[in-house]
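# Prediction below, plus the sequence it came from.
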Amino acid sequence: MKKYVLDLELRSIETLRPDYVLLRLCNGTAPLPEMQPGQFVEVRVPDSPATFLRRPISINKVDRERGELWLLIHTVGEGTRALARLKAGALLNVVLPLGNGFTLPPCVEGGTSDANRYVLVGGGVGTAPLLFMGEELVARGHEPIFMLGARSGKDLLQLDRFEALGQVCVTTEDGTVGETGFVTQHSLWTKIREGVCPKPALVYTCGPKPMMVAVSRLCDDLDVACEASLENLMACGLGACLCCVENTTEGNVCVCKDGPVFPTSRLRWKAEC
């Protein structure tokens, strides 16, 4: 897929909670390039002398009707804090789209069935690419089931947007919303194992590494294919700097170029956690 270097205009910035902001970017009156769920962008941080490298950000949503690219930013360092301080009208230099996204199933007609039901499992800022993926599944006639985990109810992000797309299963560690525990402990997994609920056609996951490892092990037990979007440290986004190398069944690969999405059957990290 062709890559672009664009100066995108910040149409709006929304604070979702003190350490998360949502940027809505547009390409003026020109259409945005084609992008797929699971891909990411590299953003140059303006007016931040201490920030030399671009920041990799997952694509949260592409609103084609409004010509908007959404980026969900977790403000964990000087670079992301600088992005959170931007005002509407600012220009951001962005390289996009980068990496390989989730596997998109073909379009179907005639309503949902067991064969076109997909489970999307996310935690923390790892829920960001799952919103885009969920919208694409719905557009293709499939049924997404979201499993979202957080420490507390206040940590759940964009819950209303997920609920507008399909069933949402929530777990919080403190039990303030949904079931108590980790997302891998939700009762839906037991129902699938016992045959009460049908197996999904595929599971997609993104979030903390221990969570994704646990999800992939559950999928192995259920004999369900799983794809994980890795969050390795990435500097260049093009496979040149070797910061994001991951060990796979085919040897070491660059997550930014060969991923960030991989079938978990290719990953060797399940033995590490």
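Arrived safely. Residues are numbered from 1 along each chain as shown.

# Name the SS class of the residue most central in space within the chain, please.
Residue closest to the average C-alpha location in the chain (Cα atoms, centre = their mean): residue 129, at 2.4 Å. In three-state terms, and counting by DSSP: H, G, I helix; E, B strand; the rest coil, residue 129 is helix.

# Cross-check the contact I'm expecting between residue 12 and residue 25.
No: Residue 12 is beyond contact range of residue 25, at 9.3 Å (criterion: Cβ atoms under 8 Å). Heads up, the C-betas are built off the backbone N, CA and C, glycines and all.

# For the closest residue to residue 47 other than its chain neighbours, what are phi and psi?
In space, residue 47 comes closest to residue 82 once its chain neighbours are excluded; the distance is 6.5 Å by Cβ to Cβ, 6 or more residues apart in numbering. Per-residue torsions, residue 82: phi -60, psi -40 (degrees, to the nearest 10).

# Return the longest helix in the chain, judged by number of residues.
Assignment by DSSP state H gives helix 209-222 as the longest helix of the chain.

# Same question for whichever helix or strand comes after that helix: list its buried residues.
Once the chain leaves helix 209-222, the next helix or strand it forms, by DSSP states H and E, is strand 226-229. Residues 226, 227, 228, 229 are the ones in strand 226-229 that count as buried (16 or more other Cβ atoms under 10 Å).

# Looks like the last one contacts residue 256 (just checking).
No: taking contact to mean Cβ under 8 Å, the distance of 11.9 Å between residue 229 and residue 256 leaves them out of contact.

# residues in contact with residue 189?
Residues counted as contacts of residue 189 (Cβ atoms under 8 Å, 6 or more residues apart in numbering) are 218, 222.

# wait, is it part of a helix?
Yes: counting by three-state DSSP, residue 189 is part of a helix.

# For it, give its distance to residue 164.
Residue 189 is 24 Å from residue 164, where distance means Cβ to Cβ, to the nearest Å.

# before we move on, what about residue 217?
Distance from residue 217 to residue 164, by Cβ to Cβ: 31 Å.

# now swap in residue 261 and tell me
24 Å.

# And the two? Which one has more around it.
residue 261 (24 against 13; other Cβ atoms under 10 Å).

# How is this structure divided into domains?
4-98, 114-231 (automatic domain parsing).

# Residues contacting the longest strand anywhere in the chain, please?
In the chain, taking DSSP state E as the definition, the longest strand is strand 4-17. Identification of contacts with strand 4-17 by Cβ under 8 Å, 6+ apart yields 21-28, 33, 68-69, 72, 84, 86-96, 154-155, 157-158.

# Given it, what are its sheet partners and their directions?
Strand 4-17 has its sheet partners listed here by DSSP bridges as strand 20-26 (antiparallel), strand 91-98 (antiparallel).

# Mean neighbour count for these - can I get that in JSON lines?
Listed next are the strands paired with strand 4-17 as JSON lines, based on neighbours: other Cβ atoms under 10 Å:
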{"stretch": "strand 20-26", "mean neighbour count": "21"}
{"stretch": "strand 91-98", "mean neighbour count": "20"}
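
# Using a markdown table, please lay out those strands together with mean pLDDT and distance to residue 181.
Converted to a markdown table, these look like this (pLDDT from 0 to 100; distance: least, Cβ to Cβ, whole Å):
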| stretch | mean pLDDT | distance to residue 181 |
| --- | --- | --- |
| strand 20-26 | 97 | 23 |
| strand 91-98 | 97 | 34 |
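
# Quick check: which of those is nearest to residue 150?
With Cβ to Cβ as the measure, strand 20-26 is the member of the strands paired with strand 4-17 nearest residue 150 (11.7 Å).

# How far does that closest one sit from its chain's centre?
The chain centroid and the centroid of strand 20-26 are separated by 15 Å under Cα atoms, centre = their mean, to the nearest Å.

# now do stretch 233-251
The answer for stretch 233-251 is 18 Å, by Cα atoms, centre = their mean.
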